[in-house]
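Enquirer: no sequence on hand, only this structure:
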């Protein structure tokens with residue numbers, strides 16, 4: 001399945017739902033491009049759902065990191081939510097579970113921002 005991104009706003013937080021294979025071939029720079037556009041328009045808080053991303057390769061990990069740094073440079077923050085078990089294993093192996101704030105659900109991530117669904 002090709003990589004797709006859907007967005008919606010919950011208060012001042014943009015929720016990004018990723019679907020498909022997060023690879024160089026399938027995802028390219030879709031996430032990073034979206035993050036650039038949103039941060040340039042003033043968005044500073046994001047929740048990224050990875051529940052429907054069943055595979056991530058090193059390029060996908062690189063895109064997560066690049067997006068993370070784009071958001072941080074804009075004085076923003078993001079949280080990962082509903083991470084697929086296979087993706088979570090990759091994050092653990094690469095120790096990126098210590099870099100990203102990871103939540104089991106969207107409501108929990110929104111509460112961490114001080115927002116309520």
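Expert: Okay, I see it. Since this is a predicted model, take the numbers as computed values, not measurements.
Enquirer: quick one: the helices in the chain, in order.
Expert: Assigned by DSSP state H, the chain shows helices spanning 30-40, 58-73, 85-93, 106-112.
Enquirer: and the shortest one, how far from the chain's centre?
Expert: A distance of 14 Å separates the C-alpha centroid of helix 106-112 from that of its chain, computed with Cα atoms, centre = their mean, to the nearest Å.
Enquirer: packing partners of it?
Expert: On a contact count with 3 or more Cβ pairs under 8 Å, 6 or more residues apart in numbering; DSSP states H and E, helix 106-112 meets strand 45-56, strand 77-81, strand 101-103. Using the backbone N, CA and C atoms, a C-beta is placed for each residue, glycine as well.
Enquirer: tabulate the ones you listed (JSON lines), appending mean neighbour count.
Expert: Shown next, in JSON lines, are the helices and strands packed on helix 106-112 (neighbours: other Cβ atoms under 10 Å):
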{"stretch": "strand 45-56", "mean neighbour count": "21"}
{"stretch": "strand 77-81", "mean neighbour count": "21"}
{"stretch": "strand 101-103", "mean neighbour count": "17"}
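Enquirer: which one of those strands lies closest to residue 9?
Expert: Taking Cβ to Cβ, strand 45-56 is the member of the helices and strands packed on helix 106-112 nearest to residue 9, at 10.2 Å.
Enquirer: okay, the angle between the closest one and helix 30-40?
Expert: 180 degrees (axes from the mean of the first three to the mean of the last three Cα atoms, to 10 degrees).
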